[in-house]
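>>> Pasted the sequence and its predicted model underneath.
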Amino acid sequence: MDIIHYNEKMLPMQDLETIGLASGGQLLLNVDDLKALLSGRRTGLMQLQNLEAENIKIKSMDAKVSLKADENGKINLLIHPVYKKPATPSFLDDNEAQKLEKGEVANYLKTTTDDKGNKKELLVEYDAETREFIVSDTEKILAPDMVNLQFLTAAQKENYRKGKEVTLPDKTTFGFSATDTHGIRANKLALVASILIDGGLTYVVYKGLNMLFNQKRNEVEAAKLSPGYYHAVQDAAESQNSHVPNQMNRTYTRGGSR
């Protein structure tokens, strides 16, 4: 789900300007990358300028960026470069790692134990663009309550958090993906996800979605959206115009260049 963790005023503008992603206090990000940043995800791959680290100066490099708050609440800009060779997590065996790298499987669900003996369920994906394994704590993956105004069952929410595809009666199929800038993939070009927060319904309108893992998509069929989608878009617009507390529409119309 595309719940916004940060607002634009919280962005480290000086750091963004230093690497060429902002200028004169104005962001130079497209709408998808901005949404990814504000939602706590990684942007798409982009060219960064004038990087400095440990007395090393790099004129330009391809990388993704994300935000992370430290213990004091300060928002830091993280840079995810393209690695020559991925660092394999200890809980993956060589066969599993190779299948992820080759794109033979979308993800692996692994159970690990922390230093205190607590079990943790992790979803592991592979980002082929940066050559990096992406690990998500399934407890922190937020599953939508509704998609296209259709309620998800408890089992569907669990499947979503575990990286499995979910199919609705309107033939919309979707799944979580930490490697995707939208955080979600689908067999349709668009969908509306909703979640109940503090008694209000938050709408997230996704457009231009990427296809499901290793699946070919019929673009004509993908553009045929269900009545539920259009009703959800209408509800989202009405909630944006209403003054009901805790009821928000998380759609963005801001453009930009990368």
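Perfect, thanks for sending it. None of these values were measured; they are calculated from a predicted model.
>>> Arg41 falls within a strand, correct?
No. Counting by DSSP: H, G, I helix; E, B strand; the rest coil, Arg41 falls outside a strand, being coil.
>>> Tell me the spacing between the nearest residue to it once chain neighbours are set aside and Phe213.
Take Arg41 and drop its neighbours on the chain: the residue closest to it by C-beta to C-beta, 6 or more residues apart in numbering is Gly183, 5.4 Å away. All C-beta atoms are positioned from the backbone trio N, CA, C, and that covers glycine. Distance, Gly183 to Phe213, using C-beta to C-beta, to the nearest Å: 14 Å.
>>> For the two, work out which one has more neighbours and name it.
Neighbour totals were compared for Gly183 and Phe213, and Gly183 leads with 23 against 17 (other C-beta atoms under 10 Å).
>>> Pretty sure His182 sits against Lys207.
No. Assessed by C-beta atoms under 8 Å, His182 is found out of contact with Lys207, at 9.0 Å.
>>> which of those two has more neighbours?
Counted by other C-beta under 10 Å, His182 and Lys207 do not tie: His182 has more neighbours, with 20 against 14.
>>> can you tell me which residues contact the more buried one?
Contacts for His182 were tallied using C-beta atoms under 8 Å, 6 or more residues apart in numbering; they are 2, 32, 35-36, 206, 208-210.
>>> Helix or strand for it, just tell me which one.
Using DSSP states H and E, His182 is not contained in any helix or strand.
>>> and what of Leu16?
Assigned by DSSP H and E, Leu16 falls in helix 13-18.
>>> Can you list the buried residues in that helix?
Residues 13, 15-18 are the ones in helix 13-18 that count as buried (16 or more other C-beta atoms under 10 Å).
>>> Name the residues contacting each of Gly183 and Phe213.
Ser177.
>>> how about the nearest residue to Ala232, chain neighbours excluded?
Ranked by C-beta to C-beta, 6+ apart and with sequence neighbours excluded, the top spatial neighbour of Ala232 is Val192, at 3.6 Å.
>>> Verify the stated contact: that neighbour with Asn148.
Yes. With contact defined as C-beta under 8 Å, Val192 reaches Asn148; the gap is 5.7 Å.
>>> Name the residues contacting each of the two.
Taking C-beta under 8 Å, 6+ apart as the contact rule, Val192 and Asn148 both touch 229, 232.
>>> spatially speaking, which residue is in the middle of this protein?
Gly183 (2.6 Å; C-alpha atoms, centre = their mean).
>>> Tell me the spacing between that residue and Tyr160.
For Gly183 relative to Tyr160 (C-beta to C-beta), the value is 11 Å.
>>> any shared contact partners between those two?
With C-beta under 8 Å, 6+ apart, Gly183 and Tyr160 have common neighbours Phe176.
>>> Could you give the number of residues near Ala190?
Ala190 has 18 neighbours, counted by other C-beta under 10 Å.
>>> Residues in a beta bridge with it, which ones?
The partner list for Ala190 in beta bridges (DSSP bridges) reads Lys207.
>>> so how far is the helix holding Leu16 off the chain centroid?
Put simply, helix 13-18 sits 22 Å off its chain's centre (C-alpha atoms, centre = their mean, to the nearest Å).
>>> And stretch 97-115, by the same measure?
In terms of C-alpha atoms, centre = their mean, the centre of stretch 97-115 is set 18 Å apart from its chain centre.
>>> Also stretch 27-43?
Mean-position distance between stretch 27-43 and its chain equals 9 Å (C-alpha atoms, centre = their mean).
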